[in-house]
Structure formats: structure tokens, C-alpha cells
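Enquirer: sequence? don't have it. structure:
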């Protein structure tokens, strides 16, 4: 592992922060996403807009940069876990100030924050599998300063007895590593555009994720509608096919009727885009 000068480390940290920010913006703009804010409109949300999502992403750039700086070539231990927890909570406060109290990216701060730290811990010579494993180790460590909050997501995981964002990270982001990234690469290899490939990756996540955002709004029936609808899109050949796009439009209508928005899947798509960009060319080992 190379030791870099402080100037080079700061430059690398800034690069990671900008990548993370841009992935949040690209995820928000991606269209058409079922039930989610995108370039067409607000989806199933009344308090979110694309402009607000982009403002939120920009407000988190400094947080991602500090996470990278503080994590640079450090081992995964409780001291680092508590540091990134503190920085993440500060970032959440900055986000809430920028959005006037609207929760735009709380889940993304957790997922992308861990991955930014994990890349920095490896010294930016990032192998995607190593990054995911490092993030998992970090996520499993305790943070004694974490507030004992019972969020909507946690309520949903307890009520429906399903894993949530914490478990996803502690398991090494299986929906990203085993579903979204492989689907992204398959779709590209089959000739899909980047927009189509990104949408297919989102569908792959939605086929099995216990999305607590959907569960909180629409219960288990809403989650099953999301999973079955996403599966139908991919069975039809994905978003590059006429039938796949037809199935996607139907899923979008279902999500709007159910007032359901797969925000957890959106967070993991942003994480997928980040790993895809930061871990090239090693990412091609998935093909």
C-alpha cells in the first residue's frame, strides 16, 4: 500500500467526495423510476423535489470528504467507527439544514458514507470485493455515541421482521454486489444505454430488497407489488426492450397508487453507481 503525501491524500479525498455526490445526483435524475423523485416529477412524494434532492447531495460533499480524510489507510476499529458515526451525524444535520428539515438522504449517508470510508481505508487502490468486505467490518463495529432513535425504517424492520439498512451494510451490501452490479454489467454487455442499464440495476435491487420505505408506506402487499413488478421488468428483457419499458410503466403506476416509494433501493443504486465508478477496472471481474 503506497503512502501518499498529504496533498495527494486530500486530492483523493476530494475525488471520492465528488464521486459520491455525483452518484446521488445521477440517481435522483434517473428516469423513469417507479414511485421515486426523478427528472419527471416528485413520484409518490409531496415534500421532495429533484431540486431539493440535488441541493441535499451538494450539502453532503464536505461530509464525504471528511469521511475519506479521516479513514485514509486506517484499520477498521471502534475509534474509526465512532469517528465516521460522528461525521455522519454532522452530515445529517447539514443535510436537514439545507433541506429545511426534509429527510432526503439519511439512508444514503449511511451506505455511501461507509463505502467512501472503506475505499479510503484501502488507500484508493480499490478492489470492489475488498471495499464491500471492509465496509461490512466497519458497519458491524459498535458506536457508543449513536443515538437510540426508533426511525420509521427501524419500526418497519421490527414490525415485519425483515433486515434493514444496517443489516445490508453488515452483510457487505449483497443487493449491490450480487444483484445490482452484475445486472448493470450484463445490461451494458447486451447493448443497453447507460440510463437503461442503471434502471435495470435498480430493478435488480427491487426484486428482493425488504425496502423499509415501501413497507412503512404500503405494508407487505406494497413490498410484494414492488418485488414482483421489478422482476417482471427484468424477465421481459429489461428497460432496453419495449415490453420491459411497458412493465416499468405499470410498476410506476402501481407505486403511485400505493403511495409507495422505494427509497431504500434508490440509496443502494447510488451505492452501486459509486462502486462501479471508483472500482474500475476491477469491476469487470463480475462479467
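Expert: Happy to help now that I have it. These numbers come from a predicted model, not from an experiment.

Enquirer: Off-centre distance for stretch 42-49?
Expert: 18 Å (C-alpha atoms, centre = their mean, to the nearest Å).

Enquirer: Residues contacting it, please?
Expert: 33-37, 50, 102, 104, 217, 255-256, 258-261 (C-beta atoms under 8 Å, 6 or more residues apart in numbering). (Each C-beta comes from the backbone N, C-alpha and C, glycine too.)

Enquirer: try 7 Å this time
Expert: Residues outside stretch 42-49 that contact it (C-beta atoms under 7 Å, 6 or more residues apart in numbering) are 35, 36, 37, 102, 104, 255, 256, 259, 260, 261.

Enquirer: would a markdown table of the residues you listed with pLDDT, secondary structure and neighbour count be doable?
Expert: Shown next, in a markdown table, are those (pLDDT from 0 to 100; DSSP: H, G, I helix; E, B strand; the rest coil; neighbours: other C-beta atoms under 10 Å):
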| residue | pLDDT | secondary structure | neighbour count |
| --- | --- | --- | --- |
| 35 | 96 | coil | 29 |
| 36 | 97 | coil | 29 |
| 37 | 97 | coil | 27 |
| 102 | 94 | coil | 17 |
| 104 | 94 | coil | 27 |
| 255 | 97 | helix | 26 |
| 256 | 96 | helix | 14 |
| 259 | 95 | coil | 15 |
| 260 | 96 | coil | 27 |
| 261 | 95 | coil | 28 |
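
Enquirer: Among those, which one sits closest to residue 60?
Expert: Set against residue 60, the nearest of those by C-beta to C-beta is residue 104 (9.3 Å).

Enquirer: I'd guessed the closest one sits against residue 94; true?
Expert: No. With contact defined as C-beta atoms under 7 Å, residue 104 does not count as touching residue 94 (11.5 Å).

Enquirer: mind showing which ranges of the stretch 101-250 of the chain have poor pLDDT?
Expert: 124, 149-153, 156, 158 (pLDDT under 70).

Enquirer: Which of the residues in stretch 54-68 are classified as buried?
Expert: 54-57, 59-61, 63-68 (16 or more other C-beta atoms under 10 Å).

Enquirer: Let me see the contact set for residue 110.
Expert: Counting by C-beta under 7 Å, 6+ apart, residue 110 has contacts 88, 165, 169.

Enquirer: To clarify, my last question referred to residue 78.
Expert: 141, 142 are the contacts of residue 78 under C-beta under 7 Å, 6+ apart.

Enquirer: let's see 6 Å
Expert: The neighbours of residue 78, taking C-beta atoms under 6 Å, 6 or more residues apart in numbering as the test, are residue 141.

Enquirer: and it, how far is that from residue 52?
Expert: 35 Å (C-beta to C-beta, to the nearest Å).

Enquirer: What of residue 212?
Expert: 21 Å.

Enquirer: Before I go, just wanted to say thanks for your time.
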